[in-house]
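Participant: After the sequence you'll find the predicted model.
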Protein chains: 2
Amino acid sequence: MAFSPLIRQMVDALRGLPGVGPKTAQRMALHLLERDRPAAAHLAQALQAAIDGVGYCTRCRTLSETEICSLCSDPRRDDSLLCVLQSPADVWAVEQAGGYQGRYFVLKGHLSPLDGMGPEEIGVPALLDCLEGRAVTEVILATNPTVEGEATAHYIAGLLRPRGIKVSRIAHGVPLGGELEYIDGGTLAHALAGRTQIL
Amino acid sequence: MAFSPLIRQMVDALRGLPGVGPKTAQRMALHLLERDRPAAAHLAQALQAAIDGVGYCTRCRTLSETEICSLCSDPRRDDSLLCVLQSPADVWAVEQAGGYQGRYFVLKGHLSPLDGMGPEEIGVPALLDCLEGRAVTEVILATNPTVEGEATAHYIAGLLRPRGIKVSRIAHGVPLGGELEYIDGGTLAHALAGRTQIL
Ligand SMILES: [Zn+2]
Ligand SMILES: [Zn+2]
């Protein structure tokens, strides 16, 4: 085998990236060593800085390098809306979609009793704490449209019912631009059941 | 936008990897920060170690962390064969293919006068130097089967002719397992012209 130990180590480490197999890792290593060492140095530095500096917002629990993240500290956001999600990636997705101007709360995944992920583990008590003394009038449950995500949303809705807060669930339906024939049956059934009157 | 500066920097740095677009970089950053910080630390360390430690073999000019690479210093390899390639990636490809037991010499790409890449720039004088006082009896020109690779092979063959060394070119033809109808015409023409008698 033609790799020296340092190159082999580099190729192995690149395989730690999601979706990167042996051939891709090899191509990446070669590209960086042969054509772009500054990019490799920049990546090494940025990875280390992020590991050292990025933790979680103590308020909404998304990834943040400050104790309170920029979304929680932005005075222009609407304090009366709280969107509950399963991961920081979902916050990014909603922000990139645009249009939502309320606050967020990030659970640690979904309820999964068999994996030891109960309400405590996924952060439900922290969600309830975060509603105390705040002006939230509507909680939007935006957990994934999966069996586990639905169960988690249902469980949280039950806890919020006695508090007299409006609770909503993101709409299920056919994705924009999708063609009906390629959409799975469950989604289609939901879309039909949840039809809205237009005339 | 929901990224903190350190995360944005990390996403940008991941985009320095070949074939990684903004969505993939984002997914990689999130995966590393949320699920696999040890992998991120390992990658940061491996990149830095490779940048600092990997240079070029002074003999064959492939990537190496020692002055003479393991292929050049391996006493079991055949000194009489020298395979000339365009890049360290090609050395890896030939080694992984297996079967070749000679030595290597790596050019810096191919001749490209318009880009200022003349014989000097791609390392032709160094190739001639490396033949001096060595027991090479055959030089295998394994530059790419492209117009530029062919021209480079032809140029080097011309320089070697007066030296009385056997010079060969890798065979062109249909790839193993390929189906004729999907093979481009140039390759097919080469394969027909270069047919070998089997009976
Ligand atoms: Zn926050
Ligand atoms: Zn070498």
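Facilitator: Right, received. Where do you want to start? Ligands and ions are numbered 1, 2, ... in the order given.
Participant: Now the helix ranked longest in chain A - C-alpha only, PDB.
Facilitator: Scanning chain A for the longest helix, with DSSP state H as the assignment, gives helix A:37-53. Extracted in PDB, the C-alpha atoms of helix A:37-53 (Å, rounded to 0.1, in the frame of the first residue of the first chain):
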ATOM      1  CA  ARG A  37      -2.900  23.000   2.000                       C
ATOM      2  CA  PRO A  38      -4.300  26.300   3.100                       C
ATOM      3  CA  ALA A  39      -7.800  24.800   3.000                       C
ATOM      4  CA  ALA A  40      -6.600  21.900   5.100                       C
ATOM      5  CA  ALA A  41      -5.000  24.200   7.600                       C
ATOM      6  CA  HIS A  42      -8.100  26.300   7.700                       C
ATOM      7  CA  LEU A  43     -10.300  23.300   8.300                       C
ATOM      8  CA  ALA A  44      -8.000  22.000  11.100                       C
ATOM      9  CA  GLN A  45      -8.200  25.300  12.800                       C
ATOM     10  CA  ALA A  46     -12.000  25.800  12.300                       C
ATOM     11  CA  LEU A  47     -12.800  22.300  13.600                       C
ATOM     12  CA  GLN A  48     -10.700  22.800  16.700                       C
ATOM     13  CA  ALA A  49     -12.200  26.300  17.400                       C
ATOM     14  CA  ALA A  50     -15.700  24.900  17.000                       C
ATOM     15  CA  ILE A  51     -15.100  21.900  19.300                       C
ATOM     16  CA  ASP A  52     -13.600  24.200  21.900                       C
ATOM     17  CA  GLY A  53     -16.100  27.100  21.500                       C
END
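Participant: For the following helix or strand past it, what is the distance to the chain centroid?
Facilitator: Using DSSP states H and E, the helix or strand that follows helix A:37-53 towards the C-terminus is strand A:55-56. Its chain's C-alpha centre and that of strand A:55-56 lie 14 Å apart, by Cα atoms, centre = their mean, to the nearest Å.
Participant: just how off-centre is the worst-scoring helix or strand of chain A on mean pLDDT within its chain?
Facilitator: Ranked by mean pLDDT, DSSP states H and E, the weakest helix or strand in chain A is helix A:185-193, scoring a mean of 75. In terms of Cα atoms, centre = their mean, the centre of helix A:185-193 is set 24 Å apart from its chain centre.
Participant: same deal with stretch A:72-82?
Facilitator: Worked out by Cα atoms, centre = their mean, stretch A:72-82 lies 18 Å from the chain centre.
Participant: Strands of chain A, start to end?
Facilitator: With DSSP state E as the criterion, chain A has strands at A:55-56, A:63-64, A:78-85, A:102-106, A:138-141, A:166-169.
Participant: Out of those, which one sits most buried?
Facilitator: strand A:63-64 (a mean of 26; mean count of other Cβ atoms under 10 Å in any protein chain shown). C-betas here are computed from N, CA, C, even on glycine.
Participant: So which elements touch that strand?
Facilitator: Contacts defined by 3 or more Cβ pairs under 8 Å, 6 or more residues apart in numbering or on different chains; DSSP states H and E place strand A:63-64 against strand A:55-56, helix B:22-35.
Participant: Identify all contacting residues around it.
Facilitator: A:54-57, A:69-70, A:88, B:4, B:7, B:30, B:33-34 (Cβ atoms under 8 Å, 6 or more residues apart in numbering or on different chains).
Participant: do you know how far A:W92 is from A:I122?
Facilitator: 19 Å (Cβ to Cβ, to the nearest Å).
Participant: thinking again about what came up before, from the contacts of strand A:63-64, which is closest to ligand 2?
Facilitator: B:L33 (39.3 Å; Cβ to the ion).
Participant: The closest one is in contact with B:S4, isn't it?
Facilitator: No. Counting by Cβ atoms under 8 Å, B:L33 does not reach B:S4; the two are 10.6 Å apart.
Participant: any residues in contact with both of the two?
Facilitator: By the contact definition Cβ under 8 Å, 6+ apart, B:L33 and B:S4 are jointly contacted by A:54, A:63.
Participant: Next, count neighbours for the closest residue to A:A49 other than its chain neighbours.
Facilitator: Closest residue in space to A:A49, ignoring its immediate chain neighbours: B:L6 at 5.5 Å, by Cβ to Cβ, 6 or more residues apart in numbering or on different chains. Residues within reach of B:L6, counting by other Cβ atoms under 10 Å in any protein chain shown, total 21.
Participant: Surely B:L6 is in contact with A:I51?
Facilitator: No. When contacts are counted by Cβ under 8 Å, B:L6 is not listed as touching A:I51 (9.3 Å).
Participant: Of all the helices and strands packed on strand A:63-64, which one is nearest ligand 1?
Facilitator: Evaluated with Cβ to the ion, the helices and strands packed on strand A:63-64 place strand A:55-56 nearest to ligand 1, the distance being 8.4 Å.
Participant: before we move on, back to that, next, the buried residues of the least confident helix or strand of chain A.
Facilitator: For helix A:185-193, burial by neighbour count (16 or more other Cβ atoms under 10 Å in any protein chain shown) applies to A:187, A:190-191.
Participant: how about that helix as PDB, C-alpha atoms only?
Facilitator: In PDB, the C-alpha atoms belonging to helix A:185-193 read as follows (Å, rounded to 0.1, in the frame of the first residue of the first chain):
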ATOM      1  CA  GLY A 185     -49.700   6.800   1.000                       C
ATOM      2  CA  GLY A 186     -49.500   7.900   4.600                       C
ATOM      3  CA  THR A 187     -48.600  11.500   3.500                       C
ATOM      4  CA  LEU A 188     -51.300  11.500   0.900                       C
ATOM      5  CA  ALA A 189     -53.900  10.200   3.400                       C
ATOM      6  CA  HIS A 190     -52.900  13.000   5.800                       C
ATOM      7  CA  ALA A 191     -53.100  15.600   3.100                       C
ATOM      8  CA  LEU A 192     -56.600  14.500   2.200                       C
ATOM      9  CA  ALA A 193     -57.800  14.300   5.800                       C
END
